[in-house]
Structures are given as C-alpha cells and as structure tokens.
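Participant: after the sequence you'll find the predicted model.
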Amino acid sequence: MISLRKLAAATACLALLVAPTMAKDKVAKWRADSMDFAMHDASFSMYHEIGHMLVDAFELPVLGKEEDAVDALATIWLLTDDSDDDSWNALIDAADGWYYNAVKSTGLGIDDLSYSSDHSLDIQRAYAMVCMMVGAVPDVFGDTADNYNIGEDRQEECGYTFAQAYNSWQKLLQPHVVSKKRGAEISVVYEDAGDFEDYARALRKRKILEHAAELVSKQYVLPEPMTFRAKQCGEPNAFYYPGANEVVYCYEMADSMFSLYLYDILGWSGTAN
Ligand SMILES: [Zn+2]
C-alpha cells in the first residue's frame with residue numbers, strides 16, 4: 001500500500017535502530033517528509049474547496065454527490081497543472097492520507113464510518129483518486145495502483161472513469177474560461193497561526209494558497225472577488241463559505257496530516273515537538 005517514496009522512509013526507520021548516532025538527522029528527515037505530506041494534502045484540500053466554490057459561483061449542475069465531483073476536479077487540476085512539478089507527489093500523498101485515515105478508523109464501529117455523510121467513506125475517496133490517477137497517466141501511477149491492489153482490468157477501466165470526469169468538467173467550465181479579460185481576483189490572507197506557525201510558514205513558503213488562487217483566476221472568469229484564508233479554526237478541516245465568498249484552510253488540518261504521517265505511516269513513537 002505504501003508508495004515507493006514512503007517505503008524508502010520506512011526503511012530509514014529500520015536503519016535508525018542500528019545506527020543511533022544518526023538519529024538526529026533521521027528525525028529531521030522524518031519531520032521534513034511529514035511536512036511534505038501535510039503540504040501536499042493542503043494542496044488537494046484547497047482544490048477540493050475551490051471546486052465547491054466554482055459550483056456555487058457558476059451555478060453548475062451536479063449529478064451525484066457534489067463531494068465526489070469536486071474530489072474528481074481537484075484530482076484533475078493536480079494531474080494537469082504543468083506549473084507545479086510537485087503536483088503528482090501531492091496526489092499520491094493526498095490519496096494515502098484518505099487511506100491511512102480510513103485504516104485508523106477501522107474497527108471503531110459503524111457510527112464512525114459515517115455511511116450517511118455527504119462525503120464518500122475515506123477509503124472510497126482514496127481508491128477513487130488512485131483510479132483517476134492511473135486512468136490518466138498509467139505509466140506513472142501504475143505502481144501506485146498496484147500498491148492499492150487495483151487489478152489490471154480495473155486499472156484499464158479507470159481510463160474511462162478519468163476521461164468521463166475530465167470531459168464532463170471541461171464541458172461545464174468551458175463557458176467560464178477566460179478568453180479576453182480576467183474576472184474578479186482572489187485575495188490570499190494568512191491569519192495568526194499561534195502554535196501552528198511552522199505550518200503557516202510552510203504554506204507561505206510553498207505558496208500553496210497563492211498558487212491555487214493564480215491557477216483558478218487565470219483560467220476562469222470569477223463573477224465576484226474571493227478570499228482564500230488560512231486560519232486557526234479549532235478543528236482539522238477546510239471549508240468553502242458561499243455567503244462570504246471564502247475558502248478557508250485550517251492550520252489544524254496541516255497539524256493533523258503531519259501527525260498522521262509521522263505516527264501512523266512512519267510509525268514513529270517519539271514526540272513530534
Ligand atoms: Zn467538500
């Protein structure tokens with residue numbers, strides 16, 4: 001299940017046991033890898049919420065669950081973003097994030113699986129993403145799909161799944177594509193991060209919100225100004241607020257994904273701080 005890059009990190013864990021003098025470097029590397037994971041997930045979360053924003057702003061029809069539809073759109077953006085050479089790694093990490101969140105909740109009981117949620121189950125979101133990825137670029141994501149035990153036949157069918165989602169979104173968004181003049185702009189705001197300053201710094205350094213804002217506003221004519229805001233929310237989440245024309249990314253989400261990677265994927269038993 002674990003991606004090849006992660007396998008290398010996991011091997012590093014074992015190396016630590018036999019080489020205690022290297023512990024400091026290894027811990028620094030794990031922390032850096034965990035931050036990569038959190039930031040990759042942040043990109044996906046932003047594009048997911050931006051999907052909700054476009055559905056609302058352009059009054060787009062949605063067949064089926066909107067949550068699934070905007071997961072597909074977020075995946076398409078990351079698959080096709082030529083201006084970000086890290087976006088394919090972001091996809092692998094975002095899918096792994098859903099997968100390991102699901103693993104964590106396994107055995108907690110039906111109530112915790114949220115069958116009635118408007119979101120598909122985390123495990124379904126992981127597999128749906130990987131299906132789109134291998135459907136779009138089989139040569140690159142074939143290993144990822146193999147790690148997820150997606151059979152050869154299904155991987156091939158995923159080509160149709162991706163093409164249908166891609167063509168459907170293209171058709172819906174076509175009337176809103178910039179032809180001459182850009183539409184309203186998107187402002188990016190970073191609020192005080194308190195104890196989450198490390199994540200705020202990483203988000204700014206990697207221009208996660210700024211890059212998403214530029215990608216959307218250069219492609220589509222937004223009818224009204226929007227704001228992308230990073231802030232403390234009191235919960236690990238991300239939101240789109242229609243009334244306020246605002247997409248919010250919570251610093252707690254980065255903290256939660258950082259911990260998921262460090263403790264649940266790498267299996268570190270120390271303290272993160
Ligand atoms: Zn959503």
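Facilitator: Structure received.

Participant: contacting residues around the helix or strand containing Val70?
Facilitator: Following DSSP states H and E, the helix or strand that holds Val70 is helix 66-80. For helix 66-80, contacts defined as Cβ atoms under 8 Å, 6 or more residues apart in numbering pick out 43-44, 47-52, 54-55, 62-63, 84, 87-88, 90-91, 94, 118-120, 125, 128-129, 132-133, 136-137, 165-166, 169, 215. C-betas here are computed from N, CA, C, even on glycine.

Participant: what is the next helix or strand after it packed up against?
Facilitator: Moving toward the C-terminus from helix 66-80, the first helix or strand encountered (DSSP H and E) is helix 87-105. For helix 87-105, the elements it packs on are helix 4-18, helix 23-57, helix 66-80, helix 122-136, helix 138-147, judged by 3 or more Cβ pairs under 8 Å, 6 or more residues apart in numbering; DSSP states H and E.

Participant: any chance of the ones you listed in a markdown table, plus mean pLDDT?
Facilitator: Putting the helices and strands packed on helix 87-105 into a markdown table (pLDDT from 0 to 100) gives the following:
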| stretch | mean pLDDT |
| --- | --- |
| helix 4-18 | 44 |
| helix 23-57 | 95 |
| helix 66-80 | 97 |
| helix 122-136 | 95 |
| helix 138-147 | 97 |
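
Participant: return the most buried member of the ones you listed.
Facilitator: The highest mean neighbour count among the helices and strands packed on helix 87-105, using mean count of other Cβ atoms under 10 Å, belongs to helix 122-136: a mean of 23.

Participant: got the contact list for it?
Facilitator: By Cβ under 8 Å, 6+ apart, the list of residues contacting helix 122-136 from outside reads 68, 71-72, 75-76, 79, 91-92, 94-99, 101-102, 105, 119-120, 140-142, 144-145, 148, 150, 154-155, 157-163, 165-166.

Participant: one more time with 6 Å
Facilitator: Applying Cβ atoms under 6 Å, 6 or more residues apart in numbering, the contact partners of helix 122-136 are 71, 75, 79, 91, 95, 98-99, 101-102, 141, 144-145, 148, 155, 158-159, 161-162.

Participant: quick one, that helix and helix 23-57 angle?
Facilitator: Per axes from the mean of the first three to the mean of the last three Cα atoms, to 10 degrees, the angle that helix 122-136 makes with helix 23-57 is 80 degrees.

Participant: now the angle between helix 138-147 and helix 122-136, please.
Facilitator: 150 degrees.

Participant: quick check: phi and psi on the nearest residue to Ser114 once chain neighbours are set aside?
Facilitator: Distances taken as Cβ to Cβ, 6 or more residues apart in numbering put Leu121 closest to Ser114, at 6.9 Å, once the chain neighbours are dropped. Torsion angles at Leu121 (phi, psi; degrees, to the nearest 10) stand at phi -60, psi 150.

Participant: for Val177, same thing?
Facilitator: According to degrees, to the nearest 10, Val177 has phi -70, psi 140.

Participant: can you tell me which residues contact Glu49?
Facilitator: By Cβ under 6 Å, 6+ apart, the residues touching Glu49 are Ala238, Tyr240, Val247.

Participant: among these, who's most crowded?
Facilitator: The residue in those with the most neighbours, by other Cβ atoms under 10 Å, is Val247 (29 neighbours).

Participant: do you know the pLDDT at that residue?
Facilitator: pLDDT, Val247: 98.

Participant: before we move on, what about Ala19?
Facilitator: We have a pLDDT of 52 for Ala19.

Participant: that older thread, could the helices and strands packed on helix 87-105 go into CSV alongside distance to Lys207?
Facilitator: Shown next, in CSV, are those (distance: least, Cβ to Cβ, whole Å):
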stretch, distance to Lys207
helix 4-18, 22
helix 23-57, 10
helix 66-80, 15
helix 122-136, 23
helix 138-147, 24
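
Participant: out of the ones you listed, the one nearest Val189 is which?
Facilitator: Nearest of the helices and strands packed on helix 87-105 to Val189, taken as Cβ to Cβ: helix 23-57 at 13.4 Å.
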